[in-house]
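Q: Please find the sequence and the predicted model below.
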Amino acid sequence: SALQHAETAHRSAKADQRPIAIFEDSMSAKIRHQLQIESDINQALEQDQFVLYAQPQLSPDRVLSGLEILIRWNHPERGLLGPSEFIPHAESSRQIVKIERWVLRKTLEKMGELHRTNPTLRCAVNISAKHFAEDDFVATVIDTVANAGFPAELLTLELTESVSVDNLDTVIEKMKAIRN
């Protein structure tokens, strides 16, 4: 119908960050594919299909000093998927915030347990600029850290994208709020 075509063109324009798009038949397949991936990601979150891996970080004298947390998707049909196969889709649909909140919660739960036996072990978690820009980002991180019993000073949040100079003051403000 004309309404469905208009909605498809609207989604296409939004996804490509264009002010306008004219419907083409090829758009339907692209939008259906994107919607299927979004649905699959939601299912992955609900069914704990995401898996976290810890990449060791060693000090110069080769002692374990920290862990960088990496995500993979144990897809029921396609097997183990690297982040390049789903993170771009998650970012374009804003599902990245849900995924990263899950990663942060699961990571800090595990790091809270590890902290009891290794009190100096640090961890690093990737955070997208979209997640960082959320109004409740600071409160979410502070709550998650507090609930896990993991010291905030041992957590490193790594922004996965460059931050524009326009937002630099906001970035510094949020990082200070989390650190304090």
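A: Structure's in. What do you need? Numbers count the residues shown, from 1 in each chain.
Q: Next, count neighbours for Lys110.
A: Neighbours of Lys110 under the rule other CB atoms under 10 Å: 17. C-beta: built from backbone N, CA, C; applies to glycine.
Q: Quick one: residues in contact with whichever helix or strand it is part of.
A: Lys110 belongs to helix 96-117 when assigned by DSSP states H and E. Helix 96-117 has contacts (CB atoms under 8 Å, 6 or more residues apart in numbering) with 41, 45, 50, 52, 67, 69, 71, 87, 90, 121, 123, 125-128, 130-131, 134, 140-141, 144-145, 147-151, 154-155.
Q: change it to 6 Å
A: Outside helix 96-117, the residues that touch it by CB atoms under 6 Å, 6 or more residues apart in numbering are 45, 52, 69, 71, 90, 121, 123, 125, 127-128, 130-131, 134, 144, 148-150.
Q: Do a quick rundown of the helices in the chain.
A: Under the criterion DSSP state H, the chain contains helices at 2-15, 25-46, 87-93, 96-117, 129-132, 137-148, 168-179.
Q: Of those, which is nearest Pro60?
A: helix 96-117 (22.1 Å; CB to CB).
Q: Taking helix 137-148 as reference, get the angle to the closest one.
A: Angle between the axes of helix 96-117 and helix 137-148 is 30 degrees (criterion: axes from the mean of the first three to the mean of the last three CA atoms, to 10 degrees).
Q: what's the offset of helix 96-117 from the middle of its chain?
A: 12 Å (CA atoms, centre = their mean, to the nearest Å).
Q: quick one: average confidence on that helix?
A: On average, the pLDDT along helix 96-117 is 94.
Q: would you put the C-alpha positions of that helix in CSV?
A: What follows is helix 96-117, C-alpha atoms only, in CSV (Å, rounded to 0.1, in the frame of the first residue of the first chain):
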residue,chain,number,x,y,z
ILE,A,96,23.2,-0.5,21.3
VAL,A,97,22.1,1.1,24.6
LYS,A,98,20.2,-2.0,25.7
ILE,A,99,23.2,-4.2,24.7
GLU,A,100,25.8,-2.1,26.4
ARG,A,101,23.7,-1.8,29.6
TRP,A,102,23.5,-5.6,29.6
VAL,A,103,27.3,-5.8,29.0
LEU,A,104,28.0,-3.4,31.8
ARG,A,105,25.6,-5.2,34.3
LYS,A,106,27.0,-8.7,33.5
THR,A,107,30.6,-7.4,33.5
LEU,A,108,30.3,-5.6,36.8
GLU,A,109,28.5,-8.6,38.4
LYS,A,110,31.4,-10.9,37.5
MET,A,111,34.0,-8.3,38.4
GLY,A,112,32.4,-7.8,41.8
GLU,A,113,32.9,-11.5,42.4
LEU,A,114,36.5,-11.4,41.1
HIS,A,115,37.3,-8.3,43.2
ARG,A,116,37.0,-10.3,46.4
THR,A,117,40.0,-12.5,45.4
